[in-house]
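take a look and give me a structure for this.
(chains A and B)
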Amino acid sequence: MSAVSQPFAIVYPGWDSDATPATPRNVPVSGGEQSPAATAVQAQFPGAVVRTVVSRGETSLIVDATEIHAMIAWLKDDPTQSYEYLSDITAVEHRDLALAIEVVWHLRSLRFRRFIRLKVLIPKGETLSVPSVWDLYKAADWLERECYDMFGITFTGHPDLRRILLWENYKEGFPLRKDFPLRGRFSRSEQLKNALAANPEARYSMEELSIADAFEELPLDMRRRIASGPKTGE
Amino acid sequence: MGKRTVEVELSTTGMGLDGKPQRVPLFVGGDPAGLAVAAPPAMEPELEGEHMLINIGPQHPATHGVLRLVLEMDGETIVRCIPHVGYLHCGFEKIGEYRQYNQIIPWTDREDYLNSIGNNVAFALGAERLFGIDITPRCTVLRVIAAELSRIASHLVWMGTTCIDIGAFTPFLWGFQERENVYNLLEGWVGARLTTSATRVGGMAADIPDNWLEGLQGFIRTFPKTIDECERMLTKNAIWVGRTVGLGVMAPDEAINHGLSGPLLRASGVAYDVRKDFPYLDYETYDFDVPVGTAGDVYDRFLVRVEEMRQSVRILDQAVKRLPDGPINIDDPRVILPPKHKATNEMESMIHHFKNVMEGPRPPIGECYVAVESPKGEKGYYMVSDGTSKPSRWRIRPPSFVNLSAIPKMVEGHLLSDVIAINASIDIVMGEIDR
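Residues are numbered from 1 along each chain as shown, chains lettered A, B, ... in the order given. Here you go, the predicted model:
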């Protein structure tokens, strides 16, 4: 808060790695050397790793959904792994609708300059639900919300799993699912009608901020709109 | 960098030497000597603890696009901040699933539109990893030039708009003059200024024209002077220092945990730069430094970005000197379009041209995640191919989206006017956040 606060000690990535990073060349399309994390995870969580795939020089571990949270926690905290940076959380649905939906975590170890991808396969027809890693990485907050918004995957344990890019009472479903048509589900006039009826002021953060006392001080027309709109944002 | 002492040259009234505003006692009442300070009226009991709701945006010049911040305030102190994004959402990732790889490149222009050619380079690198292609040496160096020019242009916009937000106008004009030079260079190369679409899978859309390098060398010569001038306006300016030091501090472990990247993370003292730690485009062979801050505040983010521009000039200088002759595209007719005269005269080339345009190049089945250091941070493209000419999933890892998600943490406890400075320091581009 003040100009004379203690300066931070500088963290240099790769502080426990001797290898000199270099631009990857002639990366094989499939096959290659496995990341050391793959064997370590297999030893630590026997039976939890369904499959290990090495593709384009990147190791993907396809793991059991029940173990994913413990595994990421271990990868983050174990000093031999130290995957302290969460790059991305996303999901993949394949064009072949028989294939399972994949939830993908991209982790980086700044300490050893390593990268690993973890995947959980959710077969079609099962509940789209995986544990949240929000308690481990705060970066997961919006990434999980976006993944929920676009795919409808519930991250159990996330404190505030709302839609993020689309509005809360968006009716058309989850846009990045393959059964969602490119132009949207409804006709243009219906989409327009829904958008106009969305009543964004209903989510004017009254509930979010729990200062609903101010409600009486709002202009009358706004109060009416808020009162008529659906209550969301809980 | 590393040193943290800032000499305040311009001491203005009401500004202490530590760069913080001094409280000037206000005298009221009939005390001619002006010695007795009138006691402030006792706060009305019902006003205590009553929080106020302030809404900034989505249409507000200081939100750099269409960001909406809902602030719960106690007096002028922020108690809570709730950001709302999504006003610019247009489904890039969905559209990408219906486009061939080369057809996605124009979409990458439009997501982070201040860094369009840098995004083109990043996407092409990702697609080439997916295809299993290694690009030519000349193309590698040209892409480095493109990426660094784009970094300079983006940082100049950041500096200019942040100055405007905080109240300085001149560096904005000086910065935009130089940005104009960068865009003139890009226009001479690829024909477009903002939406460049300069790369193709396996090469570039066009080689640089004759005498283009002289123009670039002229820019390399003159640009550091502009940085010096802007720094002279800002770095030791009492108002600038007073409005940026100590704001939005993120400790290194917090910054890593929040997934920050780019200048934000480096200002917090973590020297993570994708160009150094997970290199691409032979960045490990260039001689450049990664500036690191030690306070993690808005002022350090400014210093880091300014120094990054200088380092980009260093990289550009080395790239111009080492630019080899040779082809810019790889020699593979399955991916690269044949030259026009061949396509119209030779049967084989015509077939390749037809197949490339109508069907599009097809990568092997698989996936890859390729990250580059964009001006905003770690920008990643994650692509999944099912063997057809269109990706079955194209994911953008947006650095400003993840950086912005830490804004409630950064602004907590600060004043309303500081929110503007902190928000500006994140360097958000809503096109990239909402996609």
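
quick one, strands of chain B?
Using DSSP state E, the strands found in chain B span residues B:52-56, B:68-74, B:77-84, B:199-200, B:203-204, B:366-374, B:377-385, B:393-397.

which helices and strands sit right next to the second one?
The reference is to strand B:68-74. Counting contacts by 3 or more Cβ pairs under 8 Å, 6 or more residues apart in numbering or on different chains; DSSP states H and E, strand B:68-74 is packed against helix A:206-209, strand B:52-56, strand B:77-84, helix B:416-426. No exception for glycine: its C-beta is placed from N, CA and C like everyone else's.

that strand pairs with which strands, parallel or anti?
Strand pairing for strand B:68-74, using DSSP bridges, gives strand B:52-56 (antiparallel), strand B:77-84 (antiparallel).

quick check: mean pLDDT of the shortest one?
The one in question is strand B:52-56. Strand B:52-56 comes out with an average pLDDT of 80.

quick test: name the residue nearest the centre of chain A.
The centre of chain A sits closest to A:Glu144, judged by Cα atoms, centre = their mean, with a distance of 3.0 Å.

and that one, what helix or strand is that in?
Using DSSP states H and E, A:Glu144 sits within helix A:140-151.

need the strands paired with strand B:68-74 in a markdown table with mean neighbour count, can you?
Shown next, in a markdown table, are these (neighbours: other Cβ atoms under 10 Å in any protein chain shown):
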| stretch | mean neighbour count |
| --- | --- |
| strand B:52-56 | 15 |
| strand B:77-84 | 19 |
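
related to what we said a few turns ago, so what's the gap between the helix holding A:Glu144 and the chain middle?
Helix A:140-151 sits 5 Å away from the centroid of its parent chain (Cα atoms, centre = their mean, to the nearest Å).

what does it rub up against?
A:86, A:88-91, A:93, A:101, A:103, A:128, A:132-134, A:153-155, A:158, A:160-166, A:174-177, B:93, B:259, B:401-402, B:404-405 (Cβ atoms under 8 Å, 6 or more residues apart in numbering or on different chains).

hmm, try it at 6 Å
A:89, A:91, A:132-134, A:153, A:155, A:158, A:161, A:163-166, A:174-176, B:405 (Cβ atoms under 6 Å, 6 or more residues apart in numbering or on different chains).

cool, and stretch B:133-150?
Taking Cβ under 6 Å, 6+ apart as the rule, stretch B:133-150 contacts B:115, B:117-118, B:121, B:182, B:202-204, B:281-282, B:312, B:315-316, B:319, B:323-324, B:326-328.

same check, this time on stretch B:81-98
A:165, A:175-176, A:182, A:208, B:58, B:66, B:68-71, B:104, B:107, B:111, B:394, B:407-408, B:411, B:430, B:433-435.

for that stretch, buried residues please.
B:81-89, B:91-94, B:96-97 (16 or more other Cβ atoms under 10 Å in any protein chain shown).

which of the helices and strands in chain B ranks last by mean pLDDT?
Among the helices and strands of chain B, strand B:52-56 carries the lowest confidence by mean pLDDT, DSSP states H and E, at a mean of 80.

same thing with chain A?
helix A:206-209 (a mean of 46).

which residues does the one residue in chain A that gets nearest to chain B contact?
Of all residues in chain A, A:Ala139 sits closest to chain B, at 2.6 Å by Cβ to the nearest Cβ. By Cβ under 6 Å, 6+ apart, A:Ala139 lies in contact with A:86, B:258-259, B:402.

adding neighbour count and pLDDT, write those residues out as JSON lines.
Shown next, in JSON lines, are the contacts of A:Ala139 (neighbours: other Cβ atoms under 10 Å in any protein chain shown; pLDDT from 0 to 100):
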{"residue": "A:Leu86", "neighbour count": "24", "pLDDT": "92"}
{"residue": "B:His258", "neighbour count": "24", "pLDDT": "92"}
{"residue": "B:Gly259", "neighbour count": "29", "pLDDT": "90"}
{"residue": "B:Val402", "neighbour count": "28", "pLDDT": "93"}
